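**Q** Sequence isn't available, so here's the structure alone:
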C-alpha cells in the first residue's frame, strides 16, 4: 500500500524525507512589510524551499530549537516556527 500522509517539518523524524506540498500562511508580525503574509513564503523561496521540492529532516533541537533540513544539495537550519509552516507529504510507513 503506497499511502501518503502530510505533516509539518516539525513533526518529521530525523532522516525522514518527503515532498513539500504547501507553505502555510501566517507567521508572526510583519514588521512594516505591507505584503500580508508573503514575507515567510518569499524568505523560504529564496532558500530553495518551495512546493514540489524534496526535503529531508537532518536533525531537530530539544525544546523548539532550530531544525536542520536538506533541500537538494543544500543543508540549512531554520527556526521551529518556520518549520511548522512547511507542509510535507511523506511516504506511508508501518507504525
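**A** Nice, thanks for sending it over. Keep in mind that this is a model prediction, so the values were computed, not measured.
**Q** The lowest-mean-pLDDT helix or strand in the chain packs against which elements?
**A** Ranked by mean pLDDT, DSSP states H and E, the helix or strand of the chain with the weakest confidence is helix 38-46, at a mean of 83. In terms of contacts (3 or more CB pairs under 8 Å, 6 or more residues apart in numbering; DSSP states H and E), helix 38-46 is packed against strand 17-23, helix 80-83. In this view, the C-beta of every residue, glycine as well, is placed from N, C-alpha and C.
**Q** so can I have CSV of those showing mean pLDDT and mean neighbour count?
**A** Below are these laid out as CSV (pLDDT from 0 to 100; neighbours: other CB atoms under 10 Å):
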stretch, mean pLDDT, mean neighbour count
strand 17-23, 94, 17
helix 80-83, 91, 18
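**Q** element containing residue 87, please.
**A** Using DSSP states H and E, residue 87 maps to strand 86-91.
**Q** still on that earlier bit, quick one, which of the helices and strands packed on helix 38-46 is nearest to residue 51?
**A** Closest approach to residue 51 among the helices and strands packed on helix 38-46 is made by strand 17-23 (5.2 Å; CB to CB).
**Q** rewinding a little: just send the helices and strands packed on helix 38-46 back as JSON lines, with distance to residue 54 too.
**A** Shown next, in JSON lines, are those (distance: least, CB to CB, whole Å):
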{"stretch": "strand 17-23", "distance to residue 54": "6"}
{"stretch": "helix 80-83", "distance to residue 54": "16"}
